[in-house]
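Participant: I would like the atomic coordinates for the input below:
(chains A, B, C and D)
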There are 4 protein chains.
Amino acid sequence: MSLLVMKFGGTSVGSAEALDQAAGIVADQAAAGHRLVVVVSAMSGVTDALIRGARTAAAGDGETYRAQVRDLRARHYGVVEALFAGKGERAELLFAVDAHLDEFAAFCHSVHVLGEVTPRAMDAITSLGERLNARVLAALLRAQGTHSQAVEATDLIVTDGTFQDAVPLLEPSRTKTVAGLGPLLEAGTVPVVTGFIGATAEGVTTTLGRGGSDFSASILGVGLDADEVWIWTDVDGVMSADPRLVPEARVIPVLSYAEVGELAYFGAKVLHPRTIRPVIERGIPLWVKNTFNPDFPGTRIEAEARTTAGTIKAVTAIRGLSMVTVEGRGMMGVPGIAARTFAAVAGQGASVLMISQASSEQSISFVIPTAAVPGVMAAIEEEMVLELARRDVDRVWSLDEVVIVTAVGTGMRATPGVAHRLFGALAGGGINVIAIAQGSSECSISLVVGAGSAADAVCRIHEEVINHVQA
Amino acid sequence: MSLLVMKFGGTSVGSAEALDQAAGIVADQAAAGHRLVVVVSAMSGVTDALIRGARTAAAGDGETYRAQVRDLRARHYGVVEALFAGKGERAELLFAVDAHLDEFAAFCHSVHVLGEVTPRAMDAITSLGERLNARVLAALLRAQGTHSQAVEATDLIVTDGTFQDAVPLLEPSRTKTVAGLGPLLEAGTVPVVTGFIGATAEGVTTTLGRGGSDFSASILGVGLDADEVWIWTDVDGVMSADPRLVPEARVIPVLSYAEVGELAYFGAKVLHPRTIRPVIERGIPLWVKNTFNPDFPGTRIEAEARTTAGTIKAVTAIRGLSMVTVEGRGMMGVPGIAARTFAAVAGQGASVLMISQASSEQSISFVIPTAAVPGVMAAIEEEMVLELARRDVDRVWSLDEVVIVTAVGTGMRATPGVAHRLFGALAGGGINVIAIAQGSSECSISLVVGAGSAADAVCRIHEEVINHVQA
Amino acid sequence: MSLLVMKFGGTSVGSAEALDQAAGIVADQAAAGHRLVVVVSAMSGVTDALIRGARTAAAGDGETYRAQVRDLRARHYGVVEALFAGKGERAELLFAVDAHLDEFAAFCHSVHVLGEVTPRAMDAITSLGERLNARVLAALLRAQGTHSQAVEATDLIVTDGTFQDAVPLLEPSRTKTVAGLGPLLEAGTVPVVTGFIGATAEGVTTTLGRGGSDFSASILGVGLDADEVWIWTDVDGVMSADPRLVPEARVIPVLSYAEVGELAYFGAKVLHPRTIRPVIERGIPLWVKNTFNPDFPGTRIEAEARTTAGTIKAVTAIRGLSMVTVEGRGMMGVPGIAARTFAAVAGQGASVLMISQASSEQSISFVIPTAAVPGVMAAIEEEMVLELARRDVDRVWSLDEVVIVTAVGTGMRATPGVAHRLFGALAGGGINVIAIAQGSSECSISLVVGAGSAADAVCRIHEEVINHVQA
Amino acid sequence: MSLLVMKFGGTSVGSAEALDQAAGIVADQAAAGHRLVVVVSAMSGVTDALIRGARTAAAGDGETYRAQVRDLRARHYGVVEALFAGKGERAELLFAVDAHLDEFAAFCHSVHVLGEVTPRAMDAITSLGERLNARVLAALLRAQGTHSQAVEATDLIVTDGTFQDAVPLLEPSRTKTVAGLGPLLEAGTVPVVTGFIGATAEGVTTTLGRGGSDFSASILGVGLDADEVWIWTDVDGVMSADPRLVPEARVIPVLSYAEVGELAYFGAKVLHPRTIRPVIERGIPLWVKNTFNPDFPGTRIEAEARTTAGTIKAVTAIRGLSMVTVEGRGMMGVPGIAARTFAAVAGQGASVLMISQASSEQSISFVIPTAAVPGVMAAIEEEMVLELARRDVDRVWSLDEVVIVTAVGTGMRATPGVAHRLFGALAGGGINVIAIAQGSSECSISLVVGAGSAADAVCRIHEEVINHVQA
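Facilitator: Numbering: from 1, shown residues only, chains lettered A, B, ... in the order given. The predicted model follows:
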């Protein structure tokens, strides 16, 4: 009898139908004899609505948040009516909806009075969506005959005080999780825990940032030594390419943790590697599954790769980028140029997506979001003002409208022919590669190409490398 | 009637035969009606002998420098006897040899008395080889009927006070060069100028560091608005690969300045890009020629590339390297990791030969000399101690025994098929590529391979990419 | 017909009687034909009550702020009843009291809901006392037959966004002040402006920090090119010593701006030099007067001193201090010891009240609040760890329970006998002086004495130097 | 039977007569049964001549050092002839003179050849005066019947490698001193040790900087646990004032170590506190005596003061100074102003002789050498550019032509009437005091007065305070 932690994302619990589907999944697994912990997101769109209400209230708008209250009430009422009409839980749930939305209104009113919203207040406000939805799903499970109870994660997950992006503290969280959920599991009750949320040691509500509900599932899975963690979403698993670009894209059956990291940009909709690290390190298997196609096996994430040599598993594209190059014949053998260049970049808060410096030490190229280019260029020119005057650095320039195309797959590691096939695919399309980077640990190779060639590059790589090999 | 600056390197003036050969070249060009300025290195091995004498004297050894005096006297006497036996210049040259070596002995004696050698003293000592050889070559030209005169570069080239690696000041150098060499050229005399040497504005002797005599030729060429600068060496030009690795290596007829930069490591024996920048910027053509095969045209260096699309011109290998990787899933999107990593590297004084960070921001790899690895690893771990504790950085590790193989050629820029052929060549040999970097401005692509595969990689690239294309 | 800016402090408008007194003063001056701008503080104690309400609400206490509302309502109602019983303004003022206290309650409620109070919210809350009191005083003036109108300083004074200690921006404030108050003055109306308060360019309420209402009067005085600024308080002017220590203390008729600066610690209840700088620089005379003894001329503050040579005007004592000494024979002639010592002090955020280093460079003594001693000692010892190990610094030690006694008076400048009389007064009492400092620009001399001798020292100096000379 | 370390300064061993006098002193003490270690300086003027020879040689002057050799030979020959004519030691000493001066000539020749003199070379050169004089004095003692032997301090005193200002390492020095001098003392031989000189652990000669021979005596005294250390000089002891200013100045019988520190500037001709710290800390009594009046007891230096309350022992004046003031009403309560001010001063390498900041925190005054004023003013203005723009700092100004007059004496500590008498003395002369500083540990009070009043101030303080009290 396994212990499974199941997390349902926003679209998986975003409507009466979805909730019904999710409840059915839970009921089936419970019936199969598994002990279950459910982690639930807010209904899709709810968190954004809460944020919008708080922001508009802070900006002096006393109406929008009231409108949000009405919309959110209508939406949740609708779900309750659809699922609980004529049932005993209905009144209690409608009351819970009102209570939570009253709290939201009170917060927004306070924010409106004070004219500002702090990170701490924002966490209190954005926690409401999960808190409400956990109530609904637990009630639905009960209505369908499964013992269940909603649990606030503020009683389980202890974090530091970084509001909006709190860092969970694993040991205290484990202690509280065992104490909080153990008796329920013993009693055969399915706890439905609010995702995304934690609390400081003093009990102040925090949120876990991007991918927060996955993080919650991961922390609970580790705290309870779960057998598996299942992430329920609205796709069949992690895809080999963006299906909008590549109609032939397909689900990848098995990914290593390292490969998930490489896919994070493209696959952010699915998983942020930070959130799943706890379970991976524990060796707990993690699955990405589709709520609306529960029989499809989905993608399994493993700590280490089990893979066929020579394979590439996926190809991604990141747009909206520019490549900046610092170039000078006098840079050769001068220590510290790289350090100073990236210090200037960091000073602008810009994220560096790719770096390439070939052996001559006469130029460094790196890729950053286009929006950061003016600040970064100015900062580097200021930092290098002496070198520019002495001609040790000749120029700093940027190339806009570039795309990073990345091919991912542990199988390319130590496999001589992969790069050849990759560049063959590009050469076949006459696609010019502006820069290349492959780091040793990455099981990926990244190429910079012009924005106009990106879609073609992705398709060709998918067609000629992924399909070809896997066929 | 063109004005040519001709620089003869150490092997080109390293023996009686070589000097005779060089003098013949000068005489031929003078006879052809060109105005000439000759820049001469010390005989091959002489500068090293001078340095060794000074160092041993500083260390308390009063004998070695005296032995060096005897050897250097024997070598220079031998040259004088071979070239000037029975001629009027003989006595004067023998006297000059003695005078210069007495000066060397006096310096070494002073260094020995004081127990230390300063950079300034080292410059005074190492300047003697060029000063002596300029006398010899000028005398030889006169003996063969060409008007000639030895000139000390301390009267022509003005530098800053960075002893052992002085930076020339172009404008004052131009003024002094025109004043010092103009009248000689007017009178039809060939000045033979000491390479490698300059002087501060106060007249203290300095040396120009690595590639110093090339730098001298470059500065004089610019100062006099020369028509061409010829670098005479002992090979037929810049080669497409190291002939010891690739027997089929051949001379490259034309290289752009950018390509020279890429070839600097491999081609350091030929040219350091810093030294030729002045002439390239002036648009003065520069040739690398072979003193011992003067009819061979050699390699011409140009500011911009004139080249056939799709071609790679050369392939190089740098050994003795390690690749260091900083790796962590928590690094994603955290600004400043690159800056801090390279600040730690720079703090160790290590030169970074190649950097590669692919798009996931989860690792940065860079290549440094193996000797620098322990210090660099420790410095990064100290810098990242917090991130390592928080698991944002998982580990810092190094891979030793790696080689950077670089393919160079402006023709690969904007040519889709080159990388394909390149990786095809490697795949054909089953050669595993550990990391790849290609920066936008570089007309090069660098690969990290294991030391055991390096020779094979170089040969295959030369055979299948360079030969194939150029055939 | 002069334009006067009159500021009434908290005790001057802190009760029905005080308000009536203040209104009488305003009416008299208006009747005398002057144009007037009145700046008003909150009733004494009100601001503290507002702060306490906000802080307790933030800490989760939902009762205290409600109690404060009741108390503040009772106090303001009482004043209104006492002054306006049976008058037409009564109802309107009671309504205004309720409206402002409702606003306070709403803010505190919001703070309570959110569990935190930001500097911005605190400024909004603490502004209420002045806003309410300006209404009351303006109504009282009208009831007594003087045209008057309450004006919010948020419409006049523009500041930066440093909540709780905002810096006024003089030029935009002048523009708004002229636009806002000019028409009222033209129409013969006395504006009653809220002191202490300003607003950012975006209109967000700020407060001006310590001495804020004086600052308001100063800014308005400069903005309107007032003829004089009068600061109404509850003492007859700036005193020659603390009357609790020295019963013979008397009012000083004229003080220079420099002397006010010297008296700031002791005289902080009266004036902070920063707040009056604008009017002093404009050459606008500034008076400190007693609301409850309005015929007494008070103290006049002038830009430059008009004074008799040899006089000391006042003597002050600052308690709660310690003297820290960094001492070492090896410090002599070592540059940078002072810089590093005070960097360590500044790193602890400690204010340095006095420094003394005599000529031998072997020790530096400085006086700081006793509470800062442990942190400062530790910081200096850490900074000097090397010097302590090498014995260049022998020790760092502190002497607690010391008092700085300062004699102030421009007249001592360039007057040889003053120090003699001063030390004679101390010697007569057998009072030991621990350290002395007199800086050139200061028209003051500061002595460190033991806490037990401080009262005696102040009395003796007052008796033998001030009285003696001025008699 | 006591062990005494006796150091003879340059004038005490600067001529045949002086050497004879010194030898007599040594012989008398030896005859009195004391065990003796003698430390000897170079003859007065010799070290300067050696430095001048080295500097002129480095500057390209090949003649001056040869002239110095002639002069030094004449002077030393003269001394040898006067003291050893007809004695057996004569020939050996003349040979030693030649050998040492040949060494000097060889060094200067090397320096001349190389055109520069390094700190290390300068130490080797300046050590020659002591090395020669130790030979002469030891020979003289032998000639007069006292067993004696010259000893090189390079065999006894171990230092770090800071050439020209080396720091002695006490423990290794003690070990070598005991090993080197113990057997001689056992055998009843008087070692005559070269002052001023030490050697690194590797044996390279160093010098101990200012007051170096006193330092040598101090180190040997501590190393051997001497009973007393006697510093023989050409004055009767430490004086109560500069006799050129104050004819009534007299010798101070007893001074505490702290008082010596205060007198260091004025008394630098006598003692630098750093050099005597080792013996003071050991509790070894130290005397300053007059070689030419050996029966006069001199001044005794003790660790702690034994003194009469109310006394001032000496008064000094330091000229060539300026007082810089940083002034601003906005500085009050702003931490870090002092730190930044002195950081700017330290950045200019300027020594701060006195600091005074009175309690208002509105200005800091400090005294520096006038030559440093332009650099310091510019540095502070640059550092404070923002504060100057915001008017937090109003101005930075300097007052030139000031003198620091310092009254020194432990007796003033805790004695109320001293300052009174001091200022009475000044007031009596109508002398204006610009600034005052007295630090707690210092047993001194420093006054800044105008240069024109300085002599009068010193005389009046000496007359009315020192004489008056001690009479």
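Participant: was I right about residue A:429 contacting residue A:455?
Facilitator: No - the pair residue A:429 / residue A:455 is not scored as a contact, 10.6 Å apart, by Cβ atoms under 8 Å. Using the backbone N, CA and C atoms, a C-beta is placed for each residue, glycine as well.
Participant: show the average pLDDT along the helix or strand where residue A:364 lies.
Facilitator: According to DSSP states H and E, residue A:364 maps onto strand A:363-369. Averaged across strand A:363-369, pLDDT comes to 88.
Participant: so what strands line up beside that strand?
Facilitator: Applying DSSP bridges, strand A:363-369 is found paired with strand A:314-327 (antiparallel), strand A:354-357 (antiparallel).
Participant: format those strands as TSV; extra columns: mean neighbour count and mean pLDDT.
Facilitator: Formatted as TSV, those follow (neighbours: other Cβ atoms under 10 Å in any protein chain shown; pLDDT from 0 to 100):
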stretch	mean neighbour count	mean pLDDT
strand A:314-327	22	89
strand A:354-357	30	84
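Participant: which residues sit in contact with the residue lying closest to residue A:394 once chain neighbours are set aside?
Facilitator: Residue nearest to residue A:394 in three dimensions, not counting chain neighbours: residue A:328, with 4.3 Å by Cβ to Cβ, 6 or more residues apart in numbering or on different chains. Contact analysis of residue A:328 by Cβ atoms under 8 Å, 6 or more residues apart in numbering or on different chains lists A:362-363, A:387, A:391-395.
Participant: want to throw those into a markdown table with distance to residue A:423, secondary structure and neighbour count?
Facilitator: Shown next, in a markdown table, are those (distance: Cβ to Cβ, whole Å; DSSP: H, G, I helix; E, B strand; the rest coil; neighbours: other Cβ atoms under 10 Å in any protein chain shown):
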| residue | distance to residue A:423 | secondary structure | neighbour count |
| --- | --- | --- | --- |
| A:362 | 24 | coil | 27 |
| A:363 | 22 | strand | 28 |
| A:387 | 34 | helix | 19 |
| A:391 | 35 | coil | 14 |
| A:392 | 34 | coil | 17 |
| A:393 | 31 | coil | 26 |
| A:394 | 29 | coil | 18 |
| A:395 | 29 | strand | 13 |
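Participant: per-residue confidence at residue A:53?
Facilitator: Note on residue A:53: pLDDT of 96.
Participant: please apply the same query to residue A:194.
Facilitator: 97.
Participant: helix or strand for the closest residue to it other than its chain neighbours, which one?
Facilitator: With sequence-adjacent residues excluded and distances taken as Cβ to Cβ, 6+ apart, residue A:194 is closest to residue A:130, at 3.8 Å. In the assignment (DSSP H and E), residue A:130 maps to helix A:128-143.
Participant: what parts of chain A come near chain C?
Facilitator: Within chain A, the positions adjacent to chain C are A:106-107, A:109-111, A:113-116, A:118, A:120-121, A:124, A:204 by Cβ under 8 Å from any Cβ of the partner chain.
Participant: give me the buried subset of these.
Facilitator: Among the residues of chain A next to chain C, the ones that count as buried by 16 or more other Cβ atoms under 10 Å in any protein chain shown are A:107, A:109-111, A:113-116, A:118, A:120-121, A:124, A:204.
Participant: apart from its chain neighbours, what residue comes closest to residue A:120?
Facilitator: Computed as Cβ to Cβ, 6+ apart, the closest residue to residue A:120 that is not its neighbour in sequence is residue A:163, at 4.8 Å.
Participant: now the helix holding residue A:130: mean pLDDT?
Facilitator: For helix A:128-143, mean pLDDT is 96.
Participant: ditto for stretch A:419-427
Facilitator: For stretch A:419-427, the mean pLDDT works out to 83.
Participant: run through who's touching that stretch.
Facilitator: By Cβ under 8 Å, 6+ apart, stretch A:419-427 touches A:312, A:407, A:412, A:433, A:438, A:445, A:447, A:449, A:457, A:460-461, A:463-465, A:468-469, B:416-417, B:419-420, B:422-424, B:426-427, B:433, B:436.
Participant: could you redo the last one with a cut-off of 7 Å?
Facilitator: For stretch A:419-427, contacts defined as Cβ atoms under 7 Å, 6 or more residues apart in numbering or on different chains pick out A:407, A:433, A:445, A:457, A:460-461, A:464-465, B:416-417, B:419-420, B:423-424, B:427, B:433.
Participant: can you tell me which of these end up in strands?
Facilitator: A:407, A:433, A:445, B:433 (DSSP state E).
Participant: switch the residues you listed over to a markdown table; also include neighbour count.
Facilitator: Listed next are those as a markdown table, based on neighbours: other Cβ atoms under 10 Å in any protein chain shown:
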| residue | neighbour count |
| --- | --- |
| A:407 | 29 |
| A:433 | 27 |
| A:445 | 28 |
| B:433 | 27 |
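Participant: now the helices for the stretch 201-350 of chain A?
Facilitator: Here the stretch 201-350 of chain A has its helices, by DSSP state H, counting those that start in this stretch, at A:212-223, A:257-262, A:273-281, A:337-347.
Participant: out of these, which gets the lowest mean score?
Facilitator: For these, the weakest mean pLDDT is recorded on helix A:257-262, namely a mean of 78.
Participant: find the nearest non-adjacent residue to residue A:28, please.
Facilitator: Nearest to residue A:28 is residue A:294, by Cβ to Cβ, 6+ apart, at 7.9 Å.
Participant: how close does the one you found sit to residue A:79?
Facilitator: 20 Å (Cβ to Cβ, to the nearest Å).
Participant: re earlier: so what's the residue nearest to residue A:194 up against?
Facilitator: Counting by Cβ under 7 Å, 6+ apart, residue A:130 touches A:40-42, A:194-197.
Participant: kindly recompute the last result at 8 Å.
Facilitator: Contacts of residue A:130 (Cβ under 8 Å, 6+ apart): A:40-42, A:153, A:194-197, A:213.
Participant: do residue A:400 as well
Facilitator: Here residue A:400 is in contact with A:322, A:370, A:373 (Cβ under 8 Å, 6+ apart).
Participant: now it, what's its secondary structure?
Facilitator: In the three-state summary, residue A:400 is assigned as strand, counting by DSSP: H, G, I helix; E, B strand; the rest coil.
Participant: please report the distance of it from chain D.
Facilitator: 37 Å (Cβ to the nearest Cβ, to the nearest Å).
Participant: okay, now the closest residue to residue A:257 other than its chain neighbours: neighbour count?
Facilitator: Distance criterion Cβ to Cβ, 6+ apart; nearest residue to residue A:257, sequence neighbours excluded, is residue A:280 at 4.6 Å. The local packing of residue A:280 (other Cβ atoms under 10 Å in any protein chain shown) involves 23 other residues.
Participant: measure the residue nearest to residue A:194 to chain D for me?
Facilitator: As judged by Cβ to the nearest Cβ, residue A:130 and chain D stand 45 Å apart.
Participant: gap between that residue and residue B:372?
Facilitator: From residue A:130 across to residue B:372, the span is 51 Å (Cβ to Cβ).
Participant: what sits against residue A:189?
Facilitator: Contact partners of residue A:189, counting by Cβ under 8 Å, 6+ apart, are A:147-149.
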